[in-house]
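Participant: coordinates only, sequence not included:
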């Protein structure tokens, strides 16, 4: 029995480079609407998601992709959280690549993941956390693989189809971690100007590498700043505008996940969500959740209204307390 | 108040950590153990967390749930990003890796991926490696903290997520893992090491009141025994007080 094997499009650095060479790399306007940004995602795309677990997840973009009823996606994220559960339950993904999936220790092993992966509806291809990071790093470097000392000897090697390479100098066996060039990157950042120059506070996660690895980059930002503001602190820019294809201004664009320094994740919301799954099973519970939070509210503002201003203000205060 | 299993693991685990070292700690009991060591006997210990965090100060009552949320990085010294954080370990800067385990075998290999023999058709899909495989591959020394149950201590794990001594002998080295390996397994019954030749698990110490028979009963494979099996010191009042102050809501201490 086998599962998904390594596909050449993942590591084909020549094709990935040609794709970039053929693409406009404008320093011009990137600001657009959320539905226009999400319309760039096609069925069957390989989509990399920035942030990590419930930190800086581009949930507004994920929601819009679900609303567009995309199918056959491959979702790639180092640690996968509720966004992966939504994609599974909505039938949007056929394959996920990750190092770990669930929400967090207090909520146990993801029942949604278990349901869709154990039944064979979705293939979960597991890589180590560093190996996934290096797959993005290799792609960001424009090379087909990077040598590393991790994942060797484990059964993860066969799952992802990773090969080893002999060090041409010492003869030692090294992991040849293959590049991963996504079709799309979905990212959420703290601030950006209208030309797509992006700055991130707190945890950088893997966003900068993902932006360099992907063919198309979609970004939502908490704050929209002027060109002057970017130029005042250029050392803080981690993604230059010419990498970015579409930018959307979405305050609270990760909620109920966290955004460093701005708002803490809504753990009560996770608790209610998992309690509903425990009570009614993944298909019904997540189906109802999607109807209420994804397919229901036409705009992100109306989505946020479901949480209420008081809750948002509370989560802001908690974030300030933790980071000051 | 009696000592819970998690408290026992955290205290016994914390004692393993020496001062002037670095530890790569997973959230939950491993992080509590590291924070306790730092407060009690290892003030010059640096904690590293896989979400991309160096030198955090754990805030009592606000323990992190994940390795990459704001709580984990409270008053940290550096937030280098995830890939670069692991690369500190690959370079050799991390003395200890501190992790839990779902299923562990006689050579210390850990499975946190799937139960069942076919990866693509698992009986039970578990969350996965996260950074555990990398910690097990790259740190100078790995210490596993786990509840001691027969269903966890199996002759062979269904799936090697985190490599320890693989098939024993020099098989780790032959796989290309030139460094590290699991040095100790701290459980709710005792402390275990590995025979330097065969790399089979060996009983080194029993917690007070625990018998060899109890250990054998709860282990699914034959254990070696050290020439002298010692008895560990029970958690001291001071250690328990410090530990409980870190987790007043008893989110991880049970």
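Facilitator: Great, that's in hand. The structure displayed is predicted, hence computed values, not measured ones.

Participant: contacts, neighbours, all on C-alpha from now
Facilitator: Fine.

Participant: A strand includes residue B:90, no?
Facilitator: No: counting by DSSP: H, G, I helix; E, B strand; the rest coil, residue B:90 is not part of a strand but helix.

Participant: contacting residues around it?
Facilitator: Counting by CA atoms under 8 Å, 6 or more residues apart in numbering or on different chains, residue B:90 makes contact with A:149-150, B:138-139.

Participant: which of those tops the neighbour count?
Facilitator: residue B:138 (30 neighbours; other CA atoms under 10 Å in any protein chain shown).

Participant: tabulate the contacts of residue B:90 in a markdown table, adding columns for pLDDT, distance to residue B:69 and secondary structure.
Facilitator: Formatted as a markdown table, these follow (pLDDT from 0 to 100; distance: CA to CA, whole Å; DSSP: H, G, I helix; E, B strand; the rest coil):
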| residue | pLDDT | distance to residue B:69 | secondary structure |
| --- | --- | --- | --- |
| A:149 | 98 | 27 | coil |
| A:150 | 98 | 24 | coil |
| B:138 | 98 | 23 | helix |
| B:139 | 98 | 23 | coil |
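
Participant: output the residues you listed as a markdown table; include the columns distance to residue B:5.
Facilitator: Output for these, formatted as a markdown table (distance: CA to CA, whole Å):
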| residue | distance to residue B:5 |
| --- | --- |
| A:149 | 34 |
| A:150 | 32 |
| B:138 | 28 |
| B:139 | 26 |
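
Participant: so residue A:319, which of the three states?
Facilitator: Residue A:319 ends up helix, using three-state DSSP.

Participant: quick one, what contacts it?
Facilitator: Contacts of residue A:319 by CA under 8 Å, 6+ apart are A:260-264, B:70.

Participant: closest one of those residues to residue A:207?
Facilitator: Set against residue A:207, the nearest of the contacts of residue A:319 by CA to CA is residue A:260 (14.0 Å).

Participant: gap between that closest one and residue A:190?
Facilitator: Going from residue A:260 to residue A:190 by CA to CA, to the nearest Å gives 8 Å.

Participant: next up, the contacts around the nearest residue to residue A:102 once chain neighbours are set aside.
Facilitator: The shortest distance from residue A:102 to any non-neighbouring residue, by CA to CA, 6 or more residues apart in numbering or on different chains, is to residue A:110 (4.6 Å). Residues near residue A:110 by CA under 8 Å, 6+ apart: A:101-103, B:127.

Participant: quick one on the thing from earlier: which ones among the contacts of residue A:319 lie within helices?
Facilitator: Counting by DSSP state H, these place none of their members in helices.

Participant: could I get these as TSV with pLDDT, neighbour count and distance to residue A:205?
Facilitator: What follows is the contacts of residue A:319, written out as TSV (pLDDT from 0 to 100; neighbours: other CA atoms under 10 Å in any protein chain shown; distance: CA to CA, whole Å):
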residue	pLDDT	neighbour count	distance to residue A:205
A:260	97	27	11
A:261	97	19	15
A:262	98	19	16
A:263	98	24	17
A:264	97	27	16
B:70	93	27	12
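
Participant: quick check, nearest of those to residue B:157?
Facilitator: residue B:70 (34.3 Å).

Participant: please enumerate the strands of the stretch 101-250 of chain A.
Facilitator: In chain order, the stretch 101-250 of chain A shows strands spanning A:123-126, A:145-148, A:163-166, A:173-178, A:184-193, A:198-199, A:216-225, A:237-239, A:246-249, with DSSP state E, counting those that start in this stretch as the criterion.

Participant: my bad, chain B
Facilitator: B:22-25, B:46-49, B:53-54, B:96-99, B:103-104, B:110-111, B:114-115, B:124-125, B:141-146, B:182-187, B:190-194, B:201-206, B:224-231 (DSSP state E).

Participant: most tightly surrounded among these?
Facilitator: Among those, strand B:110-111 has the highest mean neighbour count (mean count of other CA atoms under 10 Å in any protein chain shown), at a mean of 30.

Participant: and that strand, what does it pack against?
Facilitator: Contact analysis of strand B:110-111 by 3 or more CA pairs under 8 Å, 6 or more residues apart in numbering or on different chains; DSSP states H and E lists strand B:103-104 as its packing neighbours.

Participant: give me that answer again for 10 Å
Facilitator: Under the contact definition 3 or more CA pairs under 10 Å, 6 or more residues apart in numbering or on different chains; DSSP states H and E, strand B:110-111 sits against strand B:103-104, helix B:132-138.

Participant: quick check, pLDDT for residue B:66.
Facilitator: Here the pLDDT value assigned to residue B:66 is 89.

Participant: now do the contacts for it.
Facilitator: Going by CA atoms under 10 Å, 6 or more residues apart in numbering or on different chains, residue B:66 touches A:52-55, A:103-106, B:26-28, B:49-51, B:72.

Participant: closest to residue A:281 out of those residues?
Facilitator: Using CA to CA, these come closest to residue A:281 at residue A:103, 16.3 Å.

Participant: any idea how far residue B:228 is from chain A?
Facilitator: 33 Å (CA to the nearest CA, to the nearest Å).

Participant: could you double-check that that residue lies in contact with residue B:202?
Facilitator: No: applying CA atoms under 10 Å as the test, residue B:228 and residue B:202 come out as separate, 11.2 Å apart.

Participant: separation between residue A:108 and residue A:278?
Facilitator: Residue A:108 is 11 Å from residue A:278, where distance means CA to CA.

Participant: what does residue B:250 give?
Facilitator: Distance of residue B:250 to residue A:278, computed by CA to CA: 23 Å.

Participant: with residue A:173 instead?
Facilitator: With CA to CA as the criterion, residue A:173 and residue A:278 are 46 Å apart.

Participant: same deal with residue B:240?
Facilitator: 34 Å.

Participant: which one of the two is surrounded by more residues?
Facilitator: residue B:240 (17 against 13).

Participant: where does the chain dip in pLDDT?
Facilitator: Just so you know, I chose chain A. A:1-2, A:4 (pLDDT under 70).

Participant: my question was about chain B, not that one.
Facilitator: Checking chain B against pLDDT under 70 turns up nothing.

Participant: the helices in it, which residues?
Facilitator: Assignment of helices within chain B using DSSP H yields the ranges B:5-16, B:29-40, B:82-91, B:132-138, B:171-174, B:212-217, B:237-246.

Participant: buried stuff in the second one?
Facilitator: Under the neighbour-count criterion of 16 or more other CA atoms under 10 Å in any protein chain shown, helix B:29-40 has B:29-38 buried.

Participant: Serialize these to JSON lines and add fields for distance to chain A.
Facilitator: What follows is the buried residues of helix B:29-40, written out as JSON lines (distance: CA to the nearest CA, whole Å):
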{"residue": "B:29", "distance to chain A": "11"}
{"residue": "B:30", "distance to chain A": "13"}
{"residue": "B:31", "distance to chain A": "13"}
{"residue": "B:32", "distance to chain A": "14"}
{"residue": "B:33", "distance to chain A": "17"}
{"residue": "B:34", "distance to chain A": "18"}
{"residue": "B:35", "distance to chain A": "18"}
{"residue": "B:36", "distance to chain A": "20"}
{"residue": "B:37", "distance to chain A": "22"}
{"residue": "B:38", "distance to chain A": "21"}
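
Participant: of all the residues you listed, which comes closest to residue B:10?
Facilitator: Of all these, residue B:33 has the smallest distance to residue B:10: 4.4 Å, by CA to CA.

Participant: against residue B:24, how distant is that closest one?
Facilitator: With CA to CA as the criterion, residue B:33 and residue B:24 are 12 Å apart.

Participant: what does residue B:190 give?
Facilitator: 22 Å.

Participant: same check on residue B:126?
Facilitator: Applying CA to CA, the value for residue B:126 to residue B:24 is 22 Å.

Participant: and residue A:242, what does it touch?
Facilitator: A:24-28, A:30, A:195-197, A:217.
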